[in-house]
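Asker: only the shape, not the letters, is given here:
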């Protein structure tokens with residue numbers, strides 16, 4: 001397996017070198033908004049420790065991430081009055097992974113509404129508001 005790249009964008013976000021819109025944070029995980037959202041409320045959960053993907057994750061990293069995914073997914077469903085949630089995780093390039101730091105995509109979903117195309121930059125003020133809505137639903 002390829003070594004973890006400490007200069008990947010999510011590692012830089014964790015070090016505060018790149019700004020992000022925080023949704024939730026605890027000692028082991030960080031949840032922030034995707035700036036190319038495929039749905040309103042599209043956010044990401046990552047471990048705070050180095051890990052390329054699910055193939056090299058420790059049981060502790062996976063458990064911490066899934067606890068945060070559950071918490072945030074429920075809040076996102078409430079915040080966006082969603083009918084459901086899509087959870088995505090891609091591992092290795094052949095599996096669709098683009099950023100090589102373990103991450104889980106949370107997409108609030110509404111019946112009949114498809115995900116938007118990938119790779120389209122979102123409106124930062126709207127994304128900031130979505131982060132606030134999910135964070136408020138967490139309390």
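Answerer: On my side now, so go ahead. In this text the structure is predicted, and so the values were computed from the model without any measurement. Numbering: from 1, shown residues only.
Asker: in stretch 107-124, which residues are buried?
Answerer: Within stretch 107-124, the residues scored as buried using 16 or more other C-beta atoms under 10 Å are 107-109, 122. C-beta: built from backbone N, CA, C; applies to glycine.
Asker: chain neighbours aside, what residue packs nearest to residue 33?
Answerer: Excluding the flanking residues, the one nearest residue 33 by C-beta to C-beta, 6 or more residues apart in numbering is residue 21, at 4.1 Å.
Asker: identify the farthest-apart pair in the buried residues of stretch 107-124.
Answerer: 109 and 122 (16.8 Å; C-beta to C-beta).
Asker: show me where this protein has helices.
Answerer: 9-14, 59-79, 124-138 (DSSP state H).
Asker: want to throw those into CSV with distance to residue 90 and mean pLDDT?
Answerer: Below are the helices of the chain laid out as CSV (distance: least, C-beta to C-beta, whole Å; pLDDT from 0 to 100):
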stretch, distance to residue 90, mean pLDDT
helix 9-14, 13, 98
helix 59-79, 14, 98
helix 124-138, 21, 98
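Asker: export these to CSV and tack on distance to residue 27?
Answerer: Formatted as CSV, these follow (distance: least, C-beta to C-beta, whole Å):
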stretch, distance to residue 27
helix 9-14, 13
helix 59-79, 8
helix 124-138, 16
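Asker: one step back: restricted to strands, list the buried residues of stretch 107-124.
Answerer: Mapping those onto strands (DSSP state E) picks out 107-109.
Asker: cool, thanks, talk later.
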